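Structure for this input, please:
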Amino acid sequence: MRKTTITLASLTVLAGSALADPQPPEGFTALFNGKNLDGWHGNNPHTTVKADDPEKSIAEQQEEFKAHWSVENEELVNDGHGPYATTDKDYGDIEFHIDYKTVPLADSGIYLRGTPQVQIWDYTEEKKFKLGADLGSGGLWNNSAGTAGKDPLVKADKPFGEWNAFRIRQIGARTWVWLNDQKVVDGAIMENFWDKTRETPLPATGPIHLQTHGGEIRWKNIFLREIPTEEATAILRGDDAGFTSIFNGKDLSGWTGAVDNYEVVDGAIRCQAGKGGTLHTEETYGDFVVRLEFKVPPGGNNGLAIRYPGEGNPAYAGMTELQVLDNTAEKYAKLDQRQYHGSAYGMVAAQRGYLRPVGEWNYQEVTVKGSTIKVELNGTVILDTDLADVKEFMGKKAHPGKDLTEGSFGFAGHNDPVMFRNIAIKKL
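Numbering: from 1, shown residues only. Model (predicted):
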């Protein structure tokens, strides 16, 4: 009897350990508990996006979801059919780990922010070689042809029957993918599949979908870490190789214009409250890329003076003023679309919804080449335009400086204590 009791107790311990919660790496959270579908629901976004009532559509998919998804041996299993396994939560900047094992003739994918997808192929299926299956898994397959990231840099898939491991990092729309410890996507922009014009960027947040597509696939070790803003900025910025710092963090050496209306506080240039004017570099620039970090207070308003001639209103006398604005302030709710953050003031509207919360530092990179301007905010391109094509202006007011080919870089203050730091320029 004692031996039997010990054996049963041992079995109980073993059973308990077999059902132990997955152990994520430090700083990560397990999205799948190895026991049931808690934290997940069914949603095929290709169905939902067409529905008149998306919430009703999702509700109607739950019975089918439970019929085709199950948990076996602490693995999340799909039989190749049904709606996609979808996280209950939405996510923005993340590092995501997941292991998968699939079967011949199946393909699948991982949707990020509700958008397809990090591709999973049967890399041996010759019928799909014309689609890129022979190149291997991990690419951003739904990107436009020829864009960075669409095809994986290397083929890193393991043979069928073995587990593959993804590590995915996404900051803004910039996406990195490692498959089995090999980098297959290197910081490429993931496009918004749902906008066929590709003019609207990837959403700022959204769910993760595990796609079902024609064959059994198993998933395990599903772990996620939300990336804090300082780390996100450091990754996006890199080492500034090839760039020259134009602010020493101590004083306004090398700057001119409204120097009496700005101050240096905590290693940043700050417009003094109640004051304004244009603070600009003594040096002039033609084509260039500028990197900087900025922080707006509630209702804050400033701007980046591009190719500024040294006098006049930079929005009109310069090539343009790129707005720096708290888009969420109630007092700005009825602005012209060409007045919100990142816009070429009064000429071309930037995409909204990509600023970090008011009071946090944002990272922005601006590329000026000829008559074109591209603004990338926190890893998402919010403006990509050619001012030579602009024919309509806000208020029908002319912008005589928009065709300038050279000028200073600066800040166009509007009485608010907006701050700028870590400012570096590379001439092109």
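
buried residues in stretch 174-190?
Using 16 or more other CB atoms under 10 Å as the burial criterion, the residues of stretch 174-190 that qualify are 174-180, 183-185, 187-190. (Glycine included, C-beta is placed from N, CA and C.)

Tell me the one among these nearest to residue 50.
Using CB to CB, residue 190 comes nearest to residue 50 of those, at 22.3 Å.

distance of the closest residue to that closest one other than its chain neighbours from residue 404?
Distances taken as CB to CB, 6 or more residues apart in numbering put residue 175 closest to residue 190, at 4.5 Å, once the chain neighbours are dropped. Distance, residue 175 to residue 404, by CB to CB, to the nearest Å: 35 Å.

how is the chain carved up into domains?
Domain assignment for the chain by automatic domain parsing gives 19-227, 234-427.

Reformat the ones you listed as CSV; add mean pLDDT.
Converted to CSV, these look like this (pLDDT from 0 to 100):
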stretch, mean pLDDT
domain 19-227, 95
domain 234-427, 97
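
circling back: out of the buried residues of stretch 174-190, name the ones that lie in helices.
Judged by DSSP state H, those include no members of helices.

Which two of those have the greatest separation?
Spatial extent of these (CB to CB) is set by the pair 180 and 189 at 23.8 Å.

Tell me which stretches of the stretch 151-300 of the chain form helices.
Assigned by DSSP state H, counting those that start in this stretch, the helices in the stretch 151-300 of the chain fall at 229-237.

The residue nearest to residue 190 touches residue 191, doesn't it?
No. With contact defined as CB atoms under 8 Å, residue 175 does not count as touching residue 191 (10.1 Å).

anything in contact with each of those two?
Common contact partners of residue 175 and residue 191 (CB atoms under 8 Å, 6 or more residues apart in numbering): residue 140.

In space, not sequence, find me the middle residue of the protein.
Central residue check for the chain by CA atoms, centre = their mean: the C-alpha nearest the mean position is that of residue 172, 1.4 Å away.

Tell me, how many residues neighbour the spatially closest residue to that one that is not a sequence neighbour?
Spatial nearest neighbour of residue 172, excluding adjacent residues (CB to CB, 6+ apart): residue 379 at 2.1 Å. Using other CB atoms under 10 Å, residue 379 is surrounded by 25 other residues.

Verify the stated contact: residue 379 with residue 236.
Yes. With contact defined as CB under 8 Å, residue 379 counts as touching residue 236 (5.3 Å).

shared neighbours of these two, which are they?
Joint contacts of residue 379 and residue 236 (CB under 8 Å, 6+ apart) are 171-172, 174, 363.
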